[in-house]
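Undergrad: Sharing a model that was predicted from the sequence below.
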Amino acid sequence: MNKAPKSYPTYKRPWPYRLLFGAWRLFRRTPQFINDNETLNPQAIFLANHSGLSGPLVQGLYFPTFIVPWGTYEMTDGYRSRWRFMYQTTYREKMYFGRCKAFVLATFVAFFSPIVYHAAKLIPTYPDLRLLKTFRRSAAALKAYKGIIIFPEDSETGYHERLVGLYRGFVVLHRMMKRRYHLDVPVYPVYYHKKRHTVLIGKAESMQPLLDQGLDDDAIADYFLAKINALHDRLAEKSA
């Protein structure tokens, strides 16, 4: 893992973001953060669960260091594309909402989401060669000591408390940072427990030992899947 500098550069979230989410905080209490690390290296990849739609919102509002999120490209397209994605994919297929509730929420969220995503400096992800643009923007953020937060869980069957799988884009990003910039970017597993309103940040992991073992991307993704689910189990035991 990279040798940490004596002090990390600090960044404030853009002012529209602070204004918007400062108002939102009036209606949501601050979650409890449990951090297994003495300090957080902002030049890192943070892997977090969705917890429905609560995870990205809570991390964006309260995370203790500056993070730039990955998000699906549909939510950065035009209004119609955003609405269709929120209505059909998010609310109907993944969260199993009824048509009326999904319609109202999609109509509202699709209208305001560009403001939120622009303020959060969201990096869109793609299912095709445009993903190279995602990696380039992510590398620029990491080199500037801005953390990347990714919600990589496989949600084809909906969102689960214990994750069933991870997409491996974060592994490809790490390999690129290592190959091009000789950076072993640390990876932090993160879990948000909605019922406990608690965020648990696991110990930073170096991916280099896994690469030295010759593990492929799927095996590395499974390794971090187990790490995230272990955080869930810790929080679930405390709430039992």
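TA: That came through, no problem.

Undergrad: When you work out contacts or count neighbours from here on, use the C-alpha atoms and nothing else.
TA: Noted.

Undergrad: List the buried residues for the helix ranked longest in the chain?
TA: Secondary structure of the chain per DSSP state H: the longest helix is helix 217-239. By 16 or more other C-alpha atoms under 10 Å, the buried positions in helix 217-239 come out as 217, 220-222, 224-233, 235.

Undergrad: Mind checking what secondary structure the nearest residue to Ala144 once chain neighbours are set aside has?
TA: If the residues on either side of it in the chain are set aside, Ala144 comes closest to Gln43, at 7.6 Å by C-alpha to C-alpha, 6 or more residues apart in numbering. Judged by DSSP: H, G, I helix; E, B strand; the rest coil, the three-state class of Gln43 is coil.

Undergrad: any idea which element the residue of the chain positioned farthest from its centre lies in?
TA: The centre of the chain is farthest from one residue, Cys100, which by C-alpha atoms, centre = their mean lies 28.5 Å away. Using DSSP states H and E, Cys100 falls within helix 99-119.

Undergrad: CA atoms of that helix as PDB?
TA: Extracted C-alpha coordinates of helix 99-119, given in PDB (Å, rounded to 0.1, in the frame of the first residue of the first chain):
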ATOM      1  CA  ARG A  99     -47.200   1.900  -9.800                       C
ATOM      2  CA  CYS A 100     -48.600   5.000  -8.100                       C
ATOM      3  CA  LYS A 101     -45.800   5.300  -5.600                       C
ATOM      4  CA  ALA A 102     -43.200   4.600  -8.200                       C
ATOM      5  CA  PHE A 103     -44.700   7.200 -10.500                       C
ATOM      6  CA  VAL A 104     -44.800  10.000  -7.900                       C
ATOM      7  CA  LEU A 105     -41.300   9.300  -6.700                       C
ATOM      8  CA  ALA A 106     -39.800   9.000 -10.200                       C
ATOM      9  CA  THR A 107     -41.400  12.200 -11.300                       C
ATOM     10  CA  PHE A 108     -40.000  14.100  -8.300                       C
ATOM     11  CA  VAL A 109     -36.500  12.500  -8.200                       C
ATOM     12  CA  ALA A 110     -36.000  12.800 -12.000                       C
ATOM     13  CA  PHE A 111     -36.700  16.500 -11.800                       C
ATOM     14  CA  PHE A 112     -34.200  17.300  -9.000                       C
ATOM     15  CA  SER A 113     -31.500  14.700  -9.600                       C
ATOM     16  CA  PRO A 114     -29.400  16.700 -12.000                       C
ATOM     17  CA  ILE A 115     -28.800  19.400  -9.300                       C
ATOM     18  CA  VAL A 116     -27.800  16.800  -6.800                       C
ATOM     19  CA  TYR A 117     -25.500  14.800  -9.100                       C
ATOM     20  CA  HIS A 118     -23.800  17.900 -10.500                       C
ATOM     21  CA  ALA A 119     -23.100  19.200  -7.000                       C
END
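
Undergrad: Report the distance from stretch 30-48 to the chain centre.
TA: 12 Å (C-alpha atoms, centre = their mean, to the nearest Å).

Undergrad: ok, residues contacting the longest helix of the chain?
TA: 47-49, 161-168, 171-172, 189-193, 196, 200, 202, 210 (C-alpha atoms under 8 Å, 6 or more residues apart in numbering).

Undergrad: Stretch 158-175 now?
TA: Defining contact as C-alpha under 8 Å, 6+ apart, one finds that stretch 158-175 is touched by 45, 49-52, 93-95, 135, 138-139, 150, 152-154, 184-185, 207, 217-218, 220-222, 225, 228-229, 232.
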